[in-house]
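structure here, sequence nowhere to be found:
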């Protein structure tokens, strides 16, 4: 009976999370970009799943996704942040005498950090309305990260600089 919101739910880890939650009896709102496969997945999963087309960096779009969650399922118990982007570009490409575009890096930071925080802050507000459980908890937030956090990009000093 748990109600979850999963960002990046249209593909990859987010999709697997939505599928597992619904398979185990939860209801889920799958939040992803309009061009994702999220709408199709929500249709396939049936009444226990809804799709919210949203960019995690948009307070208005995340707010609308949370309103959909409240309207369709009555509450929010769990948020799993899986939305994220990455760019595999050298900081400096000596062969092309080209530096990494700052705008590309800013987009990664905006989606992966600012977007995650945006979802957390707005979801916490909705979860605060839940009655506390026996331990005093009103909900749970789970943030995921790429394995690149530990492994990074494959790079030798000769190739990166």
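Happy to help now that I have it. Just so you know, these numbers come straight off a predicted model, no measurement behind them.

which parts of this protein are helices?
If DSSP state H is used as the criterion, the helices of the chain fall at 12-23, 38-45, 59-73, 102-109, 116-127, 148-151, 157-160.

where does pLDDT dip in this protein?
For the chain, the stretches with pLDDT under 70 are 149, 151-161.

and stretch 37-54, what's buried?
For stretch 37-54, burial by neighbour count (16 or more other C-beta atoms under 10 Å) applies to 37-39, 41-42, 45, 48-54. C-beta coordinates here come from the backbone N, C-alpha and C atoms, glycine included.

stretch 16-30 now?
Residues 17-19, 21-22, 26-30 are the ones in stretch 16-30 that count as buried (16+ other C-beta under 10 Å).

before we move on, the earlier item: out of the buried residues of stretch 37-54, who's nearest residue 66?
Among those, residue 52 lies closest to residue 66 (C-beta to C-beta), at 8.4 Å.

just to check, that closest one is in contact with residue 63?
No: in this structure, residue 52 is not within contact of residue 63 by C-beta atoms under 8 Å, at 10.3 Å.

that older thread, can you put the helices of the chain in JSON lines and add distance to residue 79?
Compiled in JSON lines, the helices of the chain are given as follows (distance: least, C-beta to C-beta, whole Å):
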{"stretch": "helix 12-23", "distance to residue 79": "11"}
{"stretch": "helix 38-45", "distance to residue 79": "16"}
{"stretch": "helix 59-73", "distance to residue 79": "9"}
{"stretch": "helix 102-109", "distance to residue 79": "20"}
{"stretch": "helix 116-127", "distance to residue 79": "5"}
{"stretch": "helix 148-151", "distance to residue 79": "20"}
{"stretch": "helix 157-160", "distance to residue 79": "36"}
